[in-house]
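> got a predicted structure plus its sequence, pasted below:
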Amino acid sequence: MEQSTVRVRFAPSPTGGLHLGGVRTVLYNYLFARKHGGKFIVRIEDTDQSRFVEGAEQYIFDCLKWCGIEPDESPLHGGNYGPYRQSERKASYLEYAKDLVEKGFAYYAFDTPEELEEMRNKLKSEENPSPQYDGTVRNNMKNSLTMPADEVKKLLEENTRHVIRIKMPGQETISFTDMIHGEVSFESDLVDDKVLLKADGMPTYHLAVVVDDYLMKITHAFRGEEWLSSAPVHILLWKYLFGLENMPQWAHMPLILGPSGKLSKRDGAKYGFPVFAMNWNDSKTGELTEGFKEKGFLPEAFINLLAVLGWNDGTEQEIFSLEELIEKFSIERVHKGGAKFDFEKAKWYNHEWIKKLDVSNYSFLVKDLFTSKGIAVNDEHNFNQVLELVKDRCTLIPDFYTQASYFFKTPDSWDIEAVKPKWSEDKTAFFNEYCIQLAAIENWEIGIIETTFKELAAAKNIKPGELQLPMRIMLVGAKFGPAVFEIAAMIGKTETVTRIKNALKVF
RNA sequence: GCCGCGUUGGUCAAGGGGUUAAGACGCCUCCCUUUCACGGAGGAGUCACGGGUUCGAUUCCCGUACGUGGUACCA
């Protein structure tokens, strides 16, 4: 397997935002493909036109790009196994479905939606709230198994609306080896006759994955655990159509859960944190759902936190770059059980990445933020120096505004309460004189600003510590930020003196 | 209901027949810093339950509970 090309695919449907579970699945797909020197393929599952949302396909690729994941083959990147949109492969599915009918593994079903509903209502009971179209039920329905051959032929010729269903065998144990769960098995009698080809001629997911995986020579198929229950259908299809020996290896990823149960794609707002990679603007509903990107997450942190939610390399390492993940990832170490998403920890990862990365990697984001708030950034070098000074205090990108904006504009207000109780005439005098001395400084740098301050304090017989906090309030407006003298050095002589004088009027 | 999958602190988790059951986030205390962080040192808190198997089970087996997914002409 290692010798021949590993081909892994991610098959999203363009129906909405890319949520956490989705991104993690792509990520694992991608890591596995890269680690084994294989191809990473993105195929679009757009066979359900009713749910199709304009722009969703592009959105998916935008998210991947932001995460640093580049597909080798996709509708946008090209490749030798196209088309990469299921809607463009419609013709071939019909052939395979007919082939299955001929071999006796599938059949035509002419039941109308109304008739199906009637059947379900009739059979519904306390014990069986959702009756299936299964081995016993199909004998009482309108299909090519129960109707005479000539009648079936006639209906087909008249183009009567129909679907093709798989004929689940009776009393057969269907099992396969999942790369994460190990041996998984199902009893065929308990699985229903899934629709393979819809009345509109489009395949259902079941037929499409199998046919596409075969035609695209997929070797490994990783998907969310929500697919595990329908795996027996896929296994059977592989057996009937292409042979089990050609079937890709399956891996069903554990689910990502919300704070209370399952993580719903919808109201992410109720958790207070995003559930999508990037802002998702639903053209159908007009709803805007916030993404991790826009919330202020770095892509490095985002993929890092997702990668280790359900996987670890067995060491104590927690911070991984994409390159390290490619090197260290192994599907065998992926957890079986689902994990609750913890936003606090997610923020911690972002904080770590902000600290770890050189500010030049993300200063453009902060610059955009400042610009949008009306602060023009002219001196990039100076700007980066400021960011370097405050980055330890920033968890999300927007934090840079509160942590650094005072370097570029006078504080809007002062935390008067922090200084007033201990204020005295001595201190006013000190600062007045300090201003004069500062104004006289030729070589404006941190050492001299601090020395001047301390010597004057000693001369006035005031503890420097009692003066530093007021000075901070004057320059910053509040009790936070790097060393005061560092700030003074950064904002310049004129600005420092101005801020002190202005504050003095109020203190 | 039925079927599948799962279950180590509040959360993410290492481990796996005999361990003082790692580590991280969060929380608390202290140190550093006359700010806020960063950093450092500590602390509280755990093997879902019941039966087996075994000299011994958190680890293996069987049940139960709980969680979660499926049960669509959605993916």
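The structure has been received and is ready for your questions.

> name the element the nearest residue in space to A:Glu45 that is not next to it in sequence belongs to?
With sequence-adjacent residues excluded and distances taken as C-beta to C-beta, 6 or more residues apart in numbering, A:Glu45 is closest to A:Ser13, at 4.3 Å. Any C-beta I mention is one placed from the backbone N, CA and C, and that applies to glycine too. Assigned by DSSP states H and E, A:Ser13 falls within no helix or strand.

> can you list phi and psi of A:Ser13 for me?
Reported as degrees, to the nearest 10, the phi and psi values for A:Ser13 are phi -100, psi 140.

> which residue does chain A bring closest to RNA strand B?
Closest approach between chain A and RNA strand B, counting by C-beta to the nearest atom of the strand: A:Gly465, at 1.4 Å.

> give me the element that residue is part of.
A:Gly465 belongs to helix A:464-476 when assigned by DSSP H and E.

> now that helix: average pLDDT?
Averaged across helix A:464-476, the pLDDT comes to 94.

> where exactly do the strands run in chain A?
All strands of chain A, identified by DSSP state E, fall at A:7-10, A:39-42, A:106-109, A:163-166, A:173-178, A:182-187, A:195-197, A:220-224, A:249-253, A:256-258, A:261-262, A:280-281, A:288-289, A:339-340.

> show me which residues of the stretch 351-500 of chain A sit near RNA strand B.
A:351, A:355, A:392-393, A:463-466, A:468-469, A:472, A:479-483 (C-beta under 7 Å from any atom of the strand).

> mind giving me the PyMOL command for buried ones among those?
To isolate the buried ones among those in PyMOL, judged by 16 or more other C-beta atoms under 10 Å, type:
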select buried, chain A and resi 351+393+468+472+481+482
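
> and the residue nearest to A:Arg165 when sequence neighbours are not counted, what does it touch?
In space, and not counting its chain neighbours, A:Arg165 is closest to A:Asp193: 4.3 Å by C-beta to C-beta, 6+ apart. Contacts here follow C-beta atoms under 8 Å, 6 or more residues apart in numbering; on that basis A:Asp193 touches A:109, A:132-135, A:138, A:165-168.

> look at A:Asp193 and report its pLDDT.
Looking at A:Asp193, its pLDDT stands at 97.

> gap between it and A:Val163?
10 Å (C-beta to C-beta, to the nearest Å).

> then A:Gln49?
16 Å.

> more crowded one of those two?
Counted by other C-beta atoms under 10 Å, A:Gln49 and A:Val163 do not tie: A:Val163 has more neighbours, with 21 against 9.

> so how far is A:Glu117 from A:Gly314?
52 Å.

> the two: who's more crowded?
A:Glu117 (11 against 8).

> show me the contacts for the more buried one.
Under the criterion of C-beta under 8 Å, 6+ apart, A:Glu117 has no contact partners.

> and A:Gly104, how many neighbours?
10.

> any regions of the stretch 201-350 of chain A where pLDDT drops low?
A:266-268 (pLDDT under 70).

> can you give me the helices for it?
With DSSP state H, counting those that start in this stretch, the ranges of helices along the stretch 201-350 of chain A come out as A:205-215, A:231-241, A:292-295, A:299-307, A:322-328, A:343-356.

> want to throw those helices into CSV with distance to A:Thr402?
Below are these laid out as CSV (distance: least, C-beta to C-beta, whole Å):
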stretch, distance to A:Thr402
helix A:205-215, 47
helix A:231-241, 50
helix A:292-295, 16
helix A:299-307, 20
helix A:322-328, 30
helix A:343-356, 14
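
> doesn't A:Asp282 make contact with A:Gly16?
Yes. A:Gly16 lies in contact with A:Asp282 (C-beta atoms under 8 Å); the separation is 6.9 Å.

> who's more crowded, these two?
When A:Gly16 and A:Asp282 are compared on other C-beta under 10 Å, the one with more neighbours turns out to be A:Gly16, at 21 against 16.

> ok, that one to A:Thr47 distance?
Counting by C-beta to C-beta, the gap from A:Gly16 to A:Thr47 is 16 Å.

> A:Ile473 too?
Counting by C-beta to C-beta, the gap from A:Ile473 to A:Thr47 is 63 Å.

> before we move on, the earlier item: can you pick the most crowded of the contacts of A:Asp193?
A:Arg165 (27 neighbours).

> what's near enough to touch that one?
Neighbours of A:Arg165 in contact, by C-beta under 8 Å, 6+ apart: A:106-107, A:109, A:133, A:138, A:143, A:193-196.

> of the residues you listed, list those near RNA strand B.
Answer for the contacts of A:Arg165 near RNA strand B (C-beta under 7 Å from any atom of the strand): A:133, A:195.

> that'll do, ta.
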